[in-house]
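K.L.:
What follows is a predicted protein model with its sequence.
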Number of protein chains: 2
Amino acid sequence: MTQLETMGALAKDAARKLRTASEEDKTKALEKIALALTTHEQEILDANRKDLDAAKGLLSPSMTDRLTLTKERISDMAKAVTAVSKWRDPVGEILEARDLENGLHIEKTAVPLGVIGIIFEARPNVTSDCAALCIKAGNACILRGGKEAFHSNQAITRIMRQALSESALDVNCVQLVEDTSRQSAAEMMTLTEYLDVLIPRGGAGLIRSVVDNAKVPVIETGAGNCHIYVDKSANPSMALDIIFNAKTSRPSVCNAAEKVLVHREIAESFLPAMAKKLSSKNVEIHGDQISCSLLPGTARPAEDSEWASEYLDYILGVKVVDSLEEAIAHIERYSTHHSECIVTDDPEAAKQFLASVDSAAVYHNASTRFTDGGEMGLGAEIGISTQKLHARGPMGVGQLISYKYVISGNGQIR
Amino acid sequence: MTQLETMGALAKDAARKLRTASEEDKTKALEKIALALTTHEQEILDANRKDLDAAKGLLSPSMTDRLTLTKERISDMAKAVTAVSKWRDPVGEILEARDLENGLHIEKTAVPLGVIGIIFEARPNVTSDCAALCIKAGNACILRGGKEAFHSNQAITRIMRQALSESALDVNCVQLVEDTSRQSAAEMMTLTEYLDVLIPRGGAGLIRSVVDNAKVPVIETGAGNCHIYVDKSANPSMALDIIFNAKTSRPSVCNAAEKVLVHREIAESFLPAMAKKLSSKNVEIHGDQISCSLLPGTARPAEDSEWASEYLDYILGVKVVDSLEEAIAHIERYSTHHSECIVTDDPEAAKQFLASVDSAAVYHNASTRFTDGGEMGLGAEIGISTQKLHARGPMGVGQLISYKYVISGNGQIR
């Protein structure tokens, strides 16, 4: 057995026990983890210091920021674990029940997925977030973080496992892959005997690699080339506020707006007002031909490849469309099917857009930034699914489950 | 573009239109398909004759039987399409709704998956079954059947497409891959741009190959190494009836019992009675050491590899266990997680078994043969999922869907 297979077998055994653990035992274990993270704050900071020292000069400022832990961030990690511990336990819920004519009673019952593998990059807080979500939904997890955060992840996992060892749960509910080479990620992708699902958390490159290479079932997360369509019947001031918020409140996240489509009838008045508002945040506008002609000296031409990609920056792609139908067709072609919005006062246009656009979240008159487990009332999330199988949109505790049919009879045969 | 990519683009376009098709239009199109299958019965029989002539001497009797169509079987195919047409349309159903404090209204709404690829083997009826299920749930499908059934599949698809062309739906809701080489199957597995999900229907080899090689999300179906555990508190006559039914009523299907585990306390009396009952159907018993010693001259020793595999034949693996826990552990280790049963009059033992065994369907005092969409009240099925992602157990119309969040506001920003 390879080291990962051994970890897989331990995780499977832990998952077997966790499957029938009581809600109280899971909650108490998570409370212990939250407390331990706070108590061992200095240990985590020391480990993080090692990672930061090793990264000096090698990582971009934004990567360094993601890697950096502070007392406040560790406190937030502990709070996140506590919040998850209070979330409703989905396991055992009877999703449907029916009695058949032959007397069989069938209950479709929520059960844990089993063992969840998570491959992530440089944010050490992902370690405790994911572990807490998995445990709450009755799943064991095998975490494989990026090499930049190795010491931090190791310390966080050691502390969580110490807390687990003092709880009623198996310590192997949480394991960290200490080999951060490409080989370990590749091996995880083929660990079909032990992993029930693999979730990649990180940039587009990581996600593509996992989707392309995994034999284990994958939930694809993340990429958000989100569109806002400003209809001819839009309230212009509402449209400006929504675009400003969706583009500039946090440009690096997946629910930020990347593209604005404007109906031709209002483009001449709307686009200069939009450009003016966005200029306060120095947003660059990359436009199609008409947008550029309506924004001389402000917009520059967008490359063809830009329509399909995320900027994750203070850049906005802008295109003028002739109709609602053209907007829908453009989104169908270029969207990553994360979040899209129509701004309009015309209920029929809204209805058509919401029905036709095939994305995880479709909005009428609201910012795409609301596609978030916390904001949507789904609790903390392990990622935002952009695929259609299993779960779509924010995946919280309630989405980290499967179901089984429990069938009771008194001797029925067929 | 390759031919499959062209088909993918046509399917995607058809799926886009089908997404917002009315229930009435889908129902009418399916009724037309059902009628056309009956009307063009002779055309299908002629095509099937070509396949049967080509297969002469090359296929086993059971494969030839699967390939063979008769008037009655074509009538059953039409009836199956009609039954699907009457099934409740799942699309548009609001699965959850909530109002947030900020005034946003969120509806989690059922939507089609999109384009479904299906790779199957020699049964031509799969062509119309799968097409009907996909259309009812608002999905376009690309079908790729085995080469043995090529002419039959081609005729059935031509007739279905002719019916679609006279309906309100796009004719490309159903397409057949005419290249039945391994290459076409391999290309389908990588068609991520066009396929939302891939479902293999067939033997263990096909399913393994798809699971191992597909980059498109797969739903694994089929293999059923199903166990019946006869507890020390079982009603022996009920246990005999259930085992006899689950083993012999149709041994070639995935919900047939393959293994029986018997508690040591009752093994001495139970096993000879079981062997006697099964002998009326000439069932071979492959036992562990104790079973063989209790059934001298009847049971022969099972090979180690048999515990993990399906016989799909009149053979039963039998093992004596010391406890309920040992039975559960054996199932955990060797089961394909399809269907397992406990026969017992002890409610506590039943409860522990049903909670601990992690299979798509777990039974107390009933035959495993009920794991079937029709039997369970879920309607016709496209397959029985043995994975935990997305859908588990029988997948009917109601499982061929995804969801999206539809969010309405009046200018909310974050």
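P.N.:
That came in fine, so what should we check first? Residues are numbered from 1 along each chain as shown, chains lettered A, B, ... in the order given.

K.L.:
going forward, measure contacts and count neighbours with C-alpha atoms only.
P.N.:
Will do.

K.L.:
Which residue, other than its chain neighbours, is closest to A:Ala308?
P.N.:
Spatial nearest neighbour of A:Ala308, excluding adjacent residues (C-alpha to C-alpha, 6 or more residues apart in numbering or on different chains): A:Tyr334 at 4.7 Å.

K.L.:
give me every residue that touches the one you found.
P.N.:
A:Asn225, A:Trp307, A:Ala308 (C-alpha atoms under 8 Å, 6 or more residues apart in numbering or on different chains).

K.L.:
burial of the one residue in chain A that gets nearest to chain B, as a residue count?
P.N.:
Chain B sits closest to A:His390 of chain A, with a gap of 3.5 Å, by C-alpha to the nearest C-alpha. When counting by other C-alpha atoms under 10 Å in any protein chain shown, one arrives at 21 neighbours for A:His390.

K.L.:
A:Lys56 now?
P.N.:
Using other C-alpha under 10 Å, A:Lys56 is surrounded by 10 other residues.

K.L.:
For stretch A:382-392, list the C-alpha coordinates in CSV.
P.N.:
What follows is stretch A:382-392, C-alpha atoms only, in CSV (Å, rounded to 0.1, in the frame of the first residue of the first chain):
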residue,chain,number,x,y,z
ILE,A,382,-16.8,24.3,0.7
GLY,A,383,-17.0,25.8,-2.8
ILE,A,384,-19.4,27.0,-5.5
SER,A,385,-20.2,24.3,-7.9
THR,A,386,-20.4,25.3,-11.6
GLN,A,387,-21.3,21.8,-12.8
LYS,A,388,-24.8,20.4,-12.9
LEU,A,389,-24.3,17.0,-11.4
HIS,A,390,-25.0,16.6,-7.6
ALA,A,391,-24.9,20.2,-6.4
ARG,A,392,-25.0,23.6,-8.1
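
K.L.:
How about the residues of the stretch 301-414 of chain A by chain B?
P.N.:
Applying C-alpha under 8 Å from any C-alpha of the partner chain, one finds that the stretch 301-414 of chain A approaches chain B through A:354-356, A:358-367, A:369-370, A:376-377, A:387-393, A:402-414.

K.L.:
Whichever of those end up buried, select them in PyMOL.
P.N.:
Only the buried entries of these go into this PyMOL selection, using 16 or more other C-alpha atoms under 10 Å in any protein chain shown:
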select buried, chain A and resi 354+355+356+358+359+360+361+362+363+364+365+366+367+369+370+376+387+388+389+390+391+392+393+402+403+404+405+406+407+408+409+410+411+412+413
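
K.L.:
Okay, and which of the residues of the stretch 301-414 of chain A next to chain B map to helices?
P.N.:
Members of those lying in helices (criterion: DSSP state H): A:Leu354, A:Ala355, A:Ser356.

K.L.:
out of the contacts of A:Tyr334, which is most surrounded?
P.N.:
Ranking the contacts of A:Tyr334 using other C-alpha under 10 Å puts A:Asn225 first, with 26 neighbours.

K.L.:
any idea where the helices of the stretch 101-250 of chain A begin and end?
P.N.:
A:125-136, A:150-165, A:182-189, A:204-213, A:236-248 (DSSP state H, counting those that start in this stretch).

K.L.:
residues in contact with the last one?
P.N.:
With C-alpha under 8 Å, 6+ apart as the test, helix A:236-248 has contacts from A:228, A:230, A:255-258, A:260, A:270, A:273-274, A:277-278, A:281, A:283, A:314, A:316, A:343, A:365-369, B:411-414.

K.L.:
again, only this time at 6 Å
P.N.:
For helix A:236-248, contacts defined as C-alpha atoms under 6 Å, 6 or more residues apart in numbering or on different chains pick out A:Ala256, A:Ala257, A:Val343, A:Ser367, A:Thr368, A:Arg369, B:Gly411.

K.L.:
again, but for the fourth one
P.N.:
Residues from elsewhere that reach helix A:204-213, judged by C-alpha under 6 Å, 6+ apart: A:Pro200, B:Lys215.

K.L.:
again, only this time at 7 Å
P.N.:
Applying C-alpha atoms under 7 Å, 6 or more residues apart in numbering or on different chains, the contact partners of helix A:204-213 are A:Met189, A:Pro200, A:Val218, A:Glu220, A:Ala223, B:Lys215.
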